[in-house]
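Asks: pasting the structure only:
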């Protein structure tokens with residue numbers, strides 16, 4: 001006699017659980033499965049109460065954010081009442097208390113929102129420690145390298161503890177450093193384009209490397225990669241953005257090298273269709289750079305054939321990227337990518353219409369042309385999404401079994 005061992009329940013969002021239970025009940029009523037099987041299926045899943053943003057969770061995170069930012073503000077205000085050593089010791093002690101307290105609470109299975117709020121305080125607190133140390137060493141508080149150190153410390157905290165909130169703080173500060181550091185000495189429009197493109201490559205590669213290992217981190221990196229890809233083509237399409245050419249610097253070369261190394265690492269360790277993500281980001285980087293170097297002049301009162309061609313190529317590239325992100329969002333079950341693509345396409349089309357077409361098509365006709373463009377791109381956009389969803393549904397194992 002075989003004794004079945006009870007399996008651990010899997011937590012799913014409440015809406016998915018309600019849908020599953022209604023479907024199971026329907027299958028049982030139609031005789032597809034027995035009542036006993038329906039009960040066994042339903043009991044394997046439980047509602048994930050942490051999936052919803054309750055008022056308490058929002059207030060805890062909001063309070064933690066205010067306290068953490070307040071700590072950094074106090075450091076910036078220089079706390080003249082204390083000596084530099086006393087200030088550093090005080091801020092470090094507060095940070096250590098939040099850091100150790102948060103992990104102790106996590107080990108004792110305390111409420112997840114409360115643990116997240118304390119971890120948020122710790123992630124922000126390390127920034128206060130770094131800024132206070134820089135202040136004591138007479139380092140200007142606005143130097144980008146402090147952002148880089150803050151990002152590294154927060155990311156280290158997030159990865160060591162598998163904690164999402166410190167990881168998110170590290171990503172936010174890291175993205176800020178990614179742009180401010182190379183632009184610190186050599187501000188240049190084309191540098192911004194290349195940094196967006198390189199950031200898309202790096203984030204896409206990191207998303208692939210995290211897939212199946214730390215899925216929440218993969219979700220975030222994928223969102224960052226999609227956003228940077230959209231911004232890269234958006235900025236590159238601005239007329240005459242790259243008139244000054246490429247200003248090479250150590251940090252720009254380092255960013256491109258890091259992005260390339262991450263893409264190679266993703267291709268080597270995660271072969272298969274996943275490689276298409278960093279490869280697509282590399283294509284976006286190349287196209288954005290070429291568009292940025294394609295100078296057509298900045299005089300909006302004199303729009304010639306070159307301006308029209310530049311705008312047409314930019315729009316075509318952006319539409320292709322938007323459709324690709326919709327496909328990726330559908331395959332990876334990442335709705336945020338779909339929404340980013342749709343919003344980005346609307347904003348980009350509006351910007352191009354007023355920046356390039358407005359000098360020629362004026363008044364009410366501009367809105368007629370703009371509306372026509374929206375209708376056309378919206379139709380193609382929705383059709384591509386529907387066909388992809390239908391193709392994925394047709395290729396699913398359950399459908400294959402139904403057609404046999």
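Replies: Nice, thanks for sending it over. Just so it is clear, the model here is predicted, and its values are computed rather than measured.

Asks: Please parse this structure into its domains.
Replies: For the chain, the structural domains run 10-46, 53-167, 185-393, going by automatic domain parsing.

Asks: Need the pLDDT of residue 345.
Replies: Confidence at residue 345, expressed as pLDDT, is 78.

Asks: I misspoke; the intended subject was residue 88.
Replies: pLDDT, read off for residue 88, is 77.

Asks: Would you mind listing the residues in contact with the nearest residue to it once chain neighbours are set aside?
Replies: Spatially, and ignoring its direct neighbours in sequence, residue 88 is nearest to residue 132 (5.2 Å; CB to CB, 6 or more residues apart in numbering). For glycine as for every other residue, the C-beta is placed from the backbone atoms N, C-alpha and C. Shown in contact with residue 132 (CB atoms under 8 Å, 6 or more residues apart in numbering): 75, 87-88, 91-92.

Asks: what about residue 132, distance to residue 150?
Replies: Per CB to CB, to the nearest Å, residue 132 is found 12 Å from residue 150.

Asks: Then residue 105?
Replies: 23 Å.

Asks: what about those two, which has more around it?
Replies: residue 150 (26 against 18; other CB atoms under 10 Å).

Asks: Would you agree the more buried one is in contact with residue 124?
Replies: No - Residue 150 lies out of contact with residue 124 (CB atoms under 8 Å); the separation is 9.1 Å.

Asks: low-confidence ranges in the stretch 1-150 of the chain?
Replies: The stretch 1-150 of the chain contains residues with pLDDT under 70 at 1-15, 46-82, 84, 138-142.

Asks: Equivalent analysis for the stretch 201-350 of the chain, please.
Replies: For the stretch 201-350 of the chain, the ranges with pLDDT under 70 are 242-243, 296-304, 307.

Asks: how does it look with 80?
Replies: 239-247, 271-273, 294-312, 330-333, 345-347, 349-350 (pLDDT under 80).

Asks: mind listing the helices in the stretch 201-350 of the chain by residue range?
Replies: Ranges of helices in the stretch 201-350 of the chain, per DSSP state H, counting those that start in this stretch, are 215-236, 250-269, 276-293, 305-331, 335-352.

Asks: What residues sit buried inside the last one?
Replies: Counting neighbours by 16 or more other CB atoms under 10 Å, one finds that the buried residues in helix 335-352 are 337-338, 340-342, 344-345, 348-349, 352.

Asks: same check, this time on the second one
Replies: When neighbours are counted by 16+ other CB under 10 Å, the buried residues of helix 250-269 are found to be 251-252, 255-256, 258-260, 262-263, 266-267.

Asks: CSV please, covering the domains of the chain and showing distance to residue 173.
Replies: Formatted as CSV, these follow (distance: least, CB to CB, whole Å):
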stretch, distance to residue 173
domain 10-46, 29
domain 53-167, 4
domain 185-393, 13
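
Asks: Which one, of these, ends up nearest to residue 176?
Replies: When these are compared by CB to CB, domain 53-167 sits nearest residue 176, at 5.3 Å.

Asks: for the host helix or strand of residue 171, packing partners?
Replies: Using DSSP states H and E, residue 171 falls within helix 164-183. The contact analysis (3 or more CB pairs under 8 Å, 6 or more residues apart in numbering; DSSP states H and E) places helix 164-183 against helix 112-136, helix 144-161, helix 189-210, helix 215-236, helix 250-269.

Asks: 10 Å instead, please
Replies: For helix 164-183, the elements it packs on are helix 55-76, helix 84-107, helix 112-136, helix 144-161, helix 189-210, helix 215-236, helix 250-269, judged by 3 or more CB pairs under 10 Å, 6 or more residues apart in numbering; DSSP states H and E.
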